[in-house]
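>>> What would the 3D arrangement of this be:
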Amino acid sequence: MIRLPEQEWLKSLLFGLFIVLGTLLATLIGYNLGFTHHLAGDQEVRPWELQRAMQNFHQEEVSGNYAFFWTQAESHICLQALGRIPQARVTLVFLGDGAALLGHTEAHLLVNGEPLASLPMLAGARRYHVLVGPQLSGQDDHCFTLTSETAILPSHSRPLGVPFVSFDLQPVGSELVMPAREQLLINLLVALVCAWLLRAFGLPRWLVGLMLFGTVVALLSLIGAGFLIVGVAVNRMLPPVIGGLAVTAAGIAAARRWALHPRLTDPWSGGLLARDLAGMAFWSIVLWGGIEVIQFYSGHTGGVWPLKANLYPAYTPLVVVPIALFALWIGLVLVQVRRVEDGLGTTPANWRILAPPLLLIFIGALLLPVVLKGTVRGWESLYTTFANEYDYQHDVPRFNDALTILRDYVALSPTLSHHNSNHPPGSLLLLWGVVQIAGPGVVVTSWVAMLLGCLAVLAAVWLGWQLGGPLLGLLAGAIFVVMPGHQIYNVTSMDALFSALIALGAVGFLLALEPKAGLGKAVLSGALIALALFFTYTATQLFFLGVVTFIFAVLRAYPPGGGWQHLLRSMGHPLRQGLISAATILLLYLLLYVATGFNVVEAVRKASALNSIAMHGVDSMYRPLPFLPPSMATYTDFLAPNIAPFLWYFAPWGMTALSAVLLSRIFQHRKFEFLDSIVFALAGVVLGMWLSGLFIREVERVWAFTYPLTAVLIAYHVWQGPSQAVRLWRLGLFLALFSAQAVLMRTWLYTFW
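Okay, the predicted model is just below:
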């Protein structure tokens, strides 16, 4: 048992006390910022938030400039964790004309079951202000009840009360609002678990405290200024997030202690296997348990939600065909890997040795997903996505030439198919070119998309090659081929190509910021990112990767003990390369605008608006709902449902490898290397996307560009051991596990693609 020195225990205790007191103070301040709790059928509140708070109301309707809800005999507005409020002003808006039509002259307001006020229903839209006193000071959760007479119109078979428009509650007076105990507990858990997790990663206490303090100040400032609203039931999906972070912190602490165990420090096969099996057991519990907990708190029962899939087994004896093909392919890969390791020796590259395994990997990347989906789900399933009227190919016949596509794309985007309307013109232009060469039809275009999707293998091979030589590149390519992310999504429409282009752009930028990289690599990275952006706006998420890559490029160039001058000098090369890459992107799109009239800025704005409608719909006034989360409640709703499916695509074995590499780079004190840039850039882009609030599920598909990069890290972990035999069986084990996962997912799940 490892014992901390007495002084260390005291520091930990004082730091924990600081976190607790700071959280208590921040919560008290937050409850007394004076913001208004607002409920209405408008753009500020998502429909699912209204459903949680508003009980026994009819569906939303529209009258003139107002969206309203008919009440019933008793309709309730229940809000959780409002706290104990000494005095508040409640503002209600009703449409009196609708009530008069039914002969209803008044409605009654009750607070927590106590009658408070009678509200006369007068003509027009009427606003009622009611002062609430001690009824809100005795408990944390509050329910406001509206009662009235009801009537049934001949045209409606439902009891109608009065037309309710909006509800606002704002604390008033000088007395303090006391925070709800539930919210206080949640805030304490969030702060303590985040502090524990950051400390487990090795960050110093002062930095952890500064990060938490900055986050709290930013949130309170945004809420106080009215830029961010809390929303309804903000705590609903936080317990799974807190639990996941706590389990992760505990796992890191356990892994750190195990790493120091004297019997497991030598790289012998038994130690490696024990660590991998322990990691797989840990991640099995986390991933399976995480899905169960998320389903419990979200109200989903059964199935595999929040994965973008349904349980839809396809039992067929033909599944033995892809299984046999996977086994044969893995066997050939192992033979080729052994041949490459034996043949290369000290030679940096021998294409006679490297060509066969490269060809084998590319053939596997193309054929394995096709055979798996075709035999299990039917060969026609390979073409169903392109045959869909919502897909990219649907608009090809509308255009006679490529220039028209580019020149008129922004103007025509609202009339295009769903996927073309919220994507750049790259897919439509590519498919138009394919049709001009090979003729129309979903078969040819589907195969072209599947073939081009295999370019993602090049990203894995390219990055692995640069990190550890040709052998690591081959290993990364082979592992990527059997990962479910490739097996599922390479037989869709254009998703695999999108991911491949973004992954190539990411690899290009990582290499462009290497110490000895020249201008050509910076230009190449900019060109690759520009090409990816021409096909999908998800390429903008490389911003997060770019920031972390730049930081680590500076850290790697910064000499130990250097001053400000050394820091500025260390920034020179990465800054130059990054600016050249960015300038290349801007120049290419400027040239495209001059040549064709395609304005990428306008395209992004129009696509964002159209995507907002597609993802979130419009409100009852036919106004597009905002794309970004309008409240903290909506934001926290999707934290757990986003990250869990993404991690599931790596399965326990992939997560074991990735966490082992990450922790080894954190716990081993040494000079930063290229591997650190890859590890933390990848972690940065995933964390950035996860915390950005830009995504609502389906991230296992949208974030698929990370899979080729993670394959490199998994290969780095797998290829360990004192002998070639040990390394080969480890490689075979991971290839077999990923293959089995892909076969099971394709057989048991309907993934919509």
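
>>> hey, let's count contacts and neighbours off CA atoms from now on
Fine.

>>> Worst mean pLDDT across the helices and strands of this protein, which element?
Scoring the helices and strands of the chain by mean pLDDT, DSSP states H and E places helix 600-616 at the bottom, with a mean of 68.

>>> Which residues outside whatever helix or strand comes next after that one are in contact with it?
Counting by DSSP states H and E, the next helix or strand C-terminal to helix 600-616 is helix 632-637. Contacting residues not belonging to helix 632-637 are listed as 46, 49, 228-238, 629, 693 [CA atoms under 8 Å, 6 or more residues apart in numbering].

>>> elements contacting the helix or strand where residue 272 lies?
Element membership of residue 272 [criterion: DSSP H and E] is helix 269-298. For helix 269-298, the contact count by 3 or more CA pairs under 8 Å, 6 or more residues apart in numbering; DSSP states H and E identifies helix 238-259, helix 639-648, helix 651-667 as packing neighbours.

>>> after it, next one along is what?
strand 310-311.

>>> List the strands paired with that next one, with their directions.
Within its sheet, strand 310-311 is paired with strand 749-750 (antiparallel), according to DSSP bridges.

>>> Quick check: mean pLDDT of the strand it pairs with?
Average pLDDT, strand 749-750: 80.

>>> Over to stretch 62-77?
Across stretch 62-77, the average pLDDT comes to 85.

>>> picking that back up, just checking, which of the contacts of helix 632-637 belong to helices?
Among the contacts of helix 632-637, the ones falling in helices (DSSP state H) are 49, 238.

>>> Need the worst-confidence member of the contacts of helix 632-637.
Across the set of the contacts of helix 632-637, residue 629 stands lowest in pLDDT, at 58.

>>> ok, back up a step: which positions within the helix holding residue 272 qualify as buried?
Going by neighbour count (16 or more other CA atoms under 10 Å), the buried part of helix 269-298 is 269, 272, 275-276, 279-280, 282-284, 286-287, 290-295, 298.

>>> Tell me which residues of the helix or strand where residue 527 lies come out buried.
Using DSSP H and E, residue 527 maps to helix 519-535. For helix 519-535, burial by neighbour count (16+ other CA under 10 Å) applies to 521-535.

>>> In CSV, list the helices and strands packed on helix 269-298 along with distance to residue 163 and mean neighbour count.
Output for the helices and strands packed on helix 269-298, formatted as CSV (distance: least, CA to CA, whole Å; neighbours: other CA atoms under 10 Å):
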stretch, distance to residue 163, mean neighbour count
helix 238-259, 34, 18
helix 639-648, 35, 22
helix 651-667, 51, 20
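
>>> nearest to residue 734, of those helices?
Nearest of the helices and strands packed on helix 269-298 to residue 734, taken as CA to CA: helix 651-667 at 7.1 Å.

>>> Need the residues that contact the closest one.
201-202, 252, 256, 276, 279-284, 287, 647, 676, 679-680, 710, 713-714, 716-718, 734, 737, 741.

>>> Domain-wise, how is this structure divided?
Structural domains annotated on the chain: 6-32+181-227, 39-171, 259-382+454-750, as defined by automatic domain parsing.

>>> I'd like those domains as a markdown table, with distance to residue 440 appended.
Putting the domains of the chain into a markdown table (distance: least, CA to CA, whole Å) gives the following:
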| stretch | distance to residue 440 |
| --- | --- |
| domain 6-32+181-227 | 50 |
| domain 39-171 | 42 |
| domain 259-382+454-750 | 15 |
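
>>> Residue 414: which of those is closest?
Using CA to CA, the domains of the chain put domain 259-382+454-750 closest to residue 414, at 7.1 Å.

>>> what's the helix or strand that contains residue 221 packed up against?
Per DSSP H and E, residue 221 falls inside helix 205-224. Helix 205-224 sits against helix 6-31, helix 181-200, with contacts defined as 3+ CA pairs under 8 Å, 6+ apart.

>>> Give the buried residues for the shortest one.
Same thing as helix 181-200. 182-184, 186-200.

>>> Quick one: low-confidence residue ranges for the protein.
When residues are selected by pLDDT under 70, those of the chain lie in 1-6, 42-46, 155-156, 258-270, 345-349, 387-392, 562, 608-630, 669, 752-753.

>>> now the angle from the helix holding residue 272 to helix 639-648?
Helix 269-298 and helix 639-648 meet at an angle of 150 degrees, taking axes from the mean of the first three to the mean of the last three CA atoms, to 10 degrees as the criterion.

>>> Run the angle between helix 269-298 and helix 651-667 for me.
Using the same axes, to 10 degrees: helix 269-298 against helix 651-667 is 110 degrees.

>>> Now for the chain: which helix has the highest residue count?
When the chain is parsed with DSSP H, its longest helix is helix 564-596.

>>> In a helix, residue 516, correct?
No. With DSSP: H, G, I helix; E, B strand; the rest coil as the criterion, residue 516 is located in coil rather than a helix.

>>> burial measure for it, as a count.
9 (other CA atoms under 10 Å).

>>> And residue 513, by the same measure?
The number of residues packed near residue 513 is 29, by other CA under 10 Å.

>>> gap between it and residue 661?
From residue 513 across to residue 661, the span is 22 Å (CA to CA, to the nearest Å).

>>> just residue 675 next, same as before
Distance from residue 675 to residue 661, counting by CA to CA: 9 Å.

>>> got a markdown table for the helices and strands packed on helix 269-298, with distance to residue 414 too?
Formatted as a markdown table, these follow (distance: least, CA to CA, whole Å):
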| stretch | distance to residue 414 |
| --- | --- |
| helix 238-259 | 37 |
| helix 639-648 | 28 |
| helix 651-667 | 39 |
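
>>> So which of those helices is nearest residue 568?
helix 651-667 (25.2 Å).

>>> tilt between the closest one and helix 181-200?
60 degrees.

>>> Take the contacts of helix 632-637 and, keeping just the buried ones, write it as a ChimeraX select command.
In ChimeraX, this line selects whichever of the contacts of helix 632-637 come out buried by 16+ other CA under 10 Å:
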select :46,49,228,229,230,231,232,233,234,235,237,238,629,693
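
>>> Among the contacts of helix 632-637, which one sits closest to residue 116?
Lowest distance from residue 116 to those (CA to CA) belongs to residue 232, with 23.3 Å.

>>> which helices and strands sit right next to the helix or strand hosting residue 353?
Element membership of residue 353 [criterion: DSSP H and E] is helix 351-377. With contacts defined as 3+ CA pairs under 8 Å, 6+ apart, helix 351-377 has these neighbours: helix 320-344, helix 470-482, helix 484-489, helix 724-748.
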